[in-house]
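Engineer: got a sequence here, can you build the structure:
(chains A and B)
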Amino acid sequence: MAAESQSGQLLRVNGVDHVIELDPRATLVDVLREQLGLTGTKKGCDRGECGACTVFIDGRRVLACMMLAVAAGGREVTTIEGLSSKDGELHPVQREFLDNDAFQCGFCTPGQVMSATACIAEGHAGSDDEIREWMSGNICRCAAYPQIVAAVAKANGQIGAGTIAGLDLSAASGAGSTS
Amino acid sequence: MKTFAYECADSVAAALAAAADPDTELIAGGTEAVNWLKEGIWAPDRLVDITGLGLAEIESGPAGLRIGALARMSDVAAHPAVRDGYPVLAESLLRAASPQLRNMATIGGNLMQRTRCPYFRADSPLPCNKRVAGSGCSARHGDTSAAALFGWNDGCVATHPSDLAVALAALDATVVVRSERGQRRIPATEFHRLPGDQPWLHNELRTGELIEAVEVPAEPDPRGSHYLKVRERVSYEFAVTSAAAVVTLSGREITSARLAMGGVAHRPWRLAEAEQALVGRDIDDRAELLAAARLSFAGARALPGNAYKLTLAPRTAVRALRIAGGRR
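Structural biologist: Next up is the predicted model:
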């Protein structure tokens, strides 16, 4: 059995390796924000209910508040900062959120965009009803839901299911290994 | 949060040795465990991550399904053998939690969810036998709107939140557990405990044991099943009542029926009397079906806040049965 509580654990985020000291109690959302300065991932309810902290682990959408950072060691973490291209061009989902006015205060938006990107890649954005069901893990207290659904539908029309942002998300909708 | 040592088990043997240590807890998807750690409900000295053990295979054969305990909910729901052969199972998984949580949570972890009501995790701790053994039950004379109809006592009136467990109960599934002493097989209908004289216990898993797999026997007509979840919003919510139905028909005549309900007890509740009475009935005669379903509620005991479930639960069962039988 390998002890992981010692200093200098490897955490790979958006393709960059970080060797950092991790408190075993720290959740991934806290480490992303407080230790790595990646404040795009938001901490909303901190109890797995709102979806504001949605990130990808090995290409699958998960909640960073419900995951201990030590458990993300050796896995590929993608945050909202890793979604746009290196030259700053917005991801199509981000572009459609802007064009469809799919937010008001913006606090839930990074989580919504991450979740929407996965939702499309999984093939769960075929109709408005399907989008509402498969985006139900992301709460918007401003209730911009009609615009969010419109943005996801538009983005789905552009990119469709499959690979997004250089990540192969096919495992998220099929029987894959859980590594 | 109390600090703890975090380790990754690299073999089933190592995980079983860790499970035998009373100061150690095992963690997989973490979607419940991390909440309990944050809130101090769980305070182990050592946390052992078992996600590296494998145990995530989904095998389908003539005898039925075997689902590894560490398979993720989303993977099981999307597996062709589950989706096509056991609709009630896939539906129970897809109506649970959210896509993000289903990508994290495991089958074994789903069954290990705590039996609880809102008092269990009150911001300022309130008496709750499930939280602190012997502290009492705040719900018994409090808000009982979500409480059980069957099997409760003054020690605890909560219901178990798992949708999957209800589907497994209707399918006569078995929970396979392992310890250093060997393997033990527990019927899915008996895995979760009624409060009895030890209301602080949630399930039959003993110190030193680990859920290895869930086994589901093959269905003669696997398509005739359905999971219906009644809740206060369309998605991402616990059940008020739910029903898993497995039915076979000869024309319109019911030749066999199995019904399990969620939201009514500390464990999935099989409607044995109804199952018997339904044989020979016409799937399109709703009044007869409802009369049959109500036979299983003769022993129900409503609390001040949940008498509405006496009406809702049999209707939930009948609707699930009719959808399983191809009706709307």
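
Engineer: can you list phi and psi of residue 60 for me?
Structural biologist: Reading this off chain A. With angles defined as degrees, to the nearest 10, A:Arg60 sits at phi -110, psi 140.

Engineer: wait, I meant chain B there
Structural biologist: With angles defined as degrees, to the nearest 10, B:Ser60 sits at phi -130, psi 130.

Engineer: which residues does it bridge with?
Structural biologist: B:Leu65 (DSSP bridges).

Engineer: ok, it - contacts?
Structural biologist: B:Ser60 makes contacts with B:81-82, B:85, as judged by C-beta atoms under 8 Å, 6 or more residues apart in numbering or on different chains. The C-beta positions use only the backbone N, C-alpha and C, and glycine is treated the same way.

Engineer: same deal with B:Arg116?
Structural biologist: B:130, B:158, B:161.

Engineer: ok so, going back, ok, of the contacts of B:Ser60, which one's closest to B:Gly263?
Structural biologist: Among the contacts of B:Ser60, B:Val82 lies closest to B:Gly263 (C-beta to C-beta), at 23.1 Å.

Engineer: okay, now the closest one: neighbour count?
Structural biologist: Close neighbours of B:Val82, defined as other C-beta atoms under 10 Å in any protein chain shown, add up to 24.

Engineer: just to revisit the earlier point, only whichever of the contacts of B:Arg116 are buried, select them in ChimeraX.
Structural biologist: Remark: buried members of those, expressed as a ChimeraX selection using 16 or more other C-beta atoms under 10 Å in any protein chain shown:
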select /B:130,158,161
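
Engineer: turn the contacts of B:Arg116 into a markdown table, columns for distance to B:Ala17 and secondary structure.
Structural biologist: Shown next, in a markdown table, are those (distance: C-beta to C-beta, whole Å; DSSP: H, G, I helix; E, B strand; the rest coil):
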| residue | distance to B:Ala17 | secondary structure |
| --- | --- | --- |
| B:Lys130 | 28 | coil |
| B:Ala158 | 32 | coil |
| B:Pro161 | 30 | coil |
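
Engineer: how far away from the center of its chain is stretch B:276-296?
Structural biologist: Its chain's C-alpha centre and that of stretch B:276-296 lie 25 Å apart, by C-alpha atoms, centre = their mean, to the nearest Å.

Engineer: now that stretch: buried residues?
Structural biologist: Those would be B:277-278, B:281, B:283, B:288-289, B:292-296, for stretch B:276-296 by 16+ other C-beta under 10 Å.

Engineer: repeat for stretch B:320-328
Structural biologist: B:320-325.

Engineer: closest to A:Cys140 among the contacts of B:Arg116?
Structural biologist: B:Pro161 (24.7 Å).

Engineer: verify the stated contact: B:Asn129 with B:Pro195.
Structural biologist: Yes. Assessed by C-beta atoms under 8 Å, B:Asn129 is found in contact with B:Pro195 at 7.5 Å.

Engineer: any common contacting residues for the two?
Structural biologist: In contact with both B:Asn129 and B:Pro195: B:155-156, using C-beta under 8 Å, 6+ apart.

Engineer: list the contacts for the residue nearest the centre of chain A?
Structural biologist: In chain A, the residue lying closest to the centroid (C-alpha atoms, centre = their mean) is A:Val55, at 2.6 Å. A:Val55 makes contact with A:28, A:32, A:41, A:61-62, A:64, A:77-80, A:114, according to C-beta under 8 Å, 6+ apart.

Engineer: for B:Glu57, which non-adjacent residue is closest in space?
Structural biologist: What sits nearest to B:Glu57 in space, not counting adjacent residues and going by C-beta to C-beta, 6 or more residues apart in numbering or on different chains, is B:Gly68, at 4.7 Å.

Engineer: equivalent analysis for B:Ser242, please.
Structural biologist: B:Ser242 sits nearest to B:Gly262 (C-beta to C-beta, 6+ apart), 3.8 Å away.

Engineer: tell me which element the residue in chain A that chain B sits nearest to falls in.
Structural biologist: Of the residues in chain A, the one nearest chain B is A:Gly137, at a distance of 2.6 Å by C-beta to the nearest C-beta. Under DSSP states H and E, no helix or strand contains A:Gly137.

Engineer: what residue ranges in the chain are flagged as low confidence?
Structural biologist: Using chain A. Confidence mapping of chain A against pLDDT under 70 gives the ranges A:1-7, A:163-179.

Engineer: that answer is for a different chain, and I need it for chain B
Structural biologist: B:222.

Engineer: ok, which stretches of the chain are strands?
Structural biologist: Reading this off chain A. A:2-3, A:9-13, A:16-20, A:54-57, A:60-63, A:76-78, A:163-164, A:167-168 (DSSP state E).

Engineer: actually, chain B is the one I wanted.
Structural biologist: B:5-8, B:24-27, B:46-49, B:58-61, B:64-68, B:174-179, B:182-187, B:210-217, B:225-230, B:241-250, B:253-262, B:269-270.
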